[in-house]
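Novice: predicted model follows, preceded by the sequence.
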Amino acid sequence: MPEDPSAFETKVDDPRMALSIGPLSSKRDGLPLRCVGKWAYDKIFHLYQYFGIFTNDMKSKWSGLNYVEICSGPGRCVFKETAEEVDGTALAILQHNAFDMVGAALFMDNDQNTVDILRKRIDLLELGGKARAEVSDYTDTSGLRALLRSLPAGCLNLVLVDPTDCGIPLAAIRVIRDTLRRADLIITVADKMDAGRNLARAITGPGFAAARDKYSAFLDDNSFFEHPDHLSWRQPDTEQSRRAS
Ligand SMILES: C[S@@+](CC[C@H](N)C(=O)[O-])C[C@H]1O[C@@H](n2cnc3c(N)ncnc32)[C@H](O)[C@@H]1O
C-alpha cells in the first residue's frame, strides 16, 4: 500500500473491464481482482492511515487487538477508469507494518468465491495463523454473532463494515456492538451510491416495496416512508405504474 495515493503499483492491460470480480487477474499474485471506481482508493487510504494510528496508540492499553472486516471483498482491486491495480482493504491491512500488533483478524463476505480468493491471498502471505476469511451474510445476525464470539475475548476491536449499499440492517450493527463490546466501528454509508440514486424512487414508486424495507431495516425505523407527505407522493399501485417505477 503506497502512502502517496498517486503512487500506484501494477498496471493492468485492459481499462474496459468493469465487472465486480474477474476476469482480470492480479499481476502480482494471479488471483481475481474486484473492479472498483477510483474513489475507492480514498477509503482504502484512510483506513490504512487510521489502522496505523489505532494500533500504535492502543497496543499498550489493551490485552490484545483484533481486526474485523465485514464485506471484505477478495483483497485486491482494479480501477475501472484506469485499470490500475491496488490493494483492497483486506490486503492493505494484512500487509501494514502495524499488523504485527494485531492478535487475530477476521474477514467476512457473503460470497463464497470472494472468500476463497481472499483465503488464498492470506495463505500466500503466510498469515493463516492469525487471519481468516469466512462466508457470512450480515443479515444472518446469529451467524454473525457466532463468528464474532470466536475472536479472542477481552481485546479492543477495530471493525470495518464496508457494504456497497444501504442493505446492512441496524440490527447487525447492534450485534457487533453487543458481542464485541469494545470496538471502534468504521462504517461505509453508501449515501451517494445507493440512497442518492434510489431513495426518491423508493418513496414514490409503488414497485419499490423491497427497497423501502431495506432502507427501513438500515435505519431500524419505517417512519420515514410512513410520513404522510411521502405516502401522498407515492404513485397508485397499478401494474402500469409498477412497470414504470
Ligand atoms: C464494497 S465491496 C467490499 C470492498 C472491500 N472492502 C475493499 O475495499 O477491498 C462489498 C462486499 O460486500 C459483499 N456483500 C454483499 N452483500 C453482503 C451481505 N449481505 N453480507 C456480507 N457481505 C456482503 C460483496 O460480496 C462485496 O465483496
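Specialist: Alright, I've got the coordinates.
Novice: how about the residues of the protein that lie near the ligand?
Specialist: 34, 40, 44, 71-73, 77, 88-89, 109-111, 114, 137-139, 162-164, 167 (CB under 6 Å from any ligand atom). Just so you know, the C-beta spots here come from the backbone N, C-alpha and C atoms, and that holds for glycine as well.
Novice: got the contact list for L219?
Specialist: Applying CB atoms under 8 Å, 6 or more residues apart in numbering to L219 gives the contacts L170.
Novice: again with R121
Specialist: Neighbours of R121 in contact, by CB under 8 Å, 6+ apart: D29, L31, P74, G75, R76, A90, L91, L94.
Novice: surely G37 and C77 touch.
Specialist: No: G37 is beyond contact range of C77, at 9.8 Å (criterion: CB atoms under 8 Å).
Novice: more neighbours, the two?
Specialist: With neighbours defined as other CB atoms under 10 Å, G37 and C77 compare such that C77 has more, 26 against 12.
Novice: got any ranges where this structure has weak pLDDT?
Specialist: For the chain, applying pLDDT under 70 flags the ranges 1-23, 237-245.
Novice: have a look at it and report its longest helix.
Specialist: If you go by DSSP state H, the chain has its longest helix at helix 40-58.
Novice: buried stuff in it?
Specialist: A40, Y41, K43, I44, F45, L47, Y48, F51, G52, F54, T55, M58 (16 or more other CB atoms under 10 Å).
Novice: can you name the residues that contact the first one?
Specialist: Residues in contact with A40, defined by CB under 8 Å, 6+ apart, are C77, F79.
Novice: and R201, which helix or strand is it part of?
Specialist: Assigned by DSSP states H and E, R201 belongs to helix 196-204.
Novice: ok, and what's touching stretch 208-218?
Specialist: Under the criterion CB under 8 Å, 6+ apart, residues 165-171, 195, 198-199, 201-203, 222, 224-225, 245 lie in contact with stretch 208-218.
Novice: which one of the contacts of R121 sits closest to S63?
Specialist: L94 (22.1 Å; CB to CB).
Novice: got the phi/psi numbers for H230?
Specialist: Dihedral pair for H230: phi -70, psi -40, per degrees, to the nearest 10.
Novice: go ahead and confirm it touches I203.
Specialist: Yes: shown here, H230 and I203 form a contact pair, counting by CB under 8 Å, at 4.9 Å.
Novice: next, count neighbours for the residue in the chain that the ligand sits nearest to.
Specialist: Taking CB to the nearest ligand atom, the ligand has its nearest neighbour within the chain at G88, 2.4 Å off. As a burial measure, G88 scores 26 neighbours (other CB under 10 Å).
Novice: list the residues that contact it.
Specialist: Shown in contact with G88 (CB under 8 Å, 6+ apart): R34, V36, I44, S72, G73, P74, G75, R76, C77.
Novice: G154 now?
Specialist: Applying CB under 8 Å, 6+ apart, the residues contacting G154 are W62, S63, G64.
Novice: is it in a helix, a strand, or coil?
Specialist: Using DSSP: H, G, I helix; E, B strand; the rest coil, the structure places G154 in coil.
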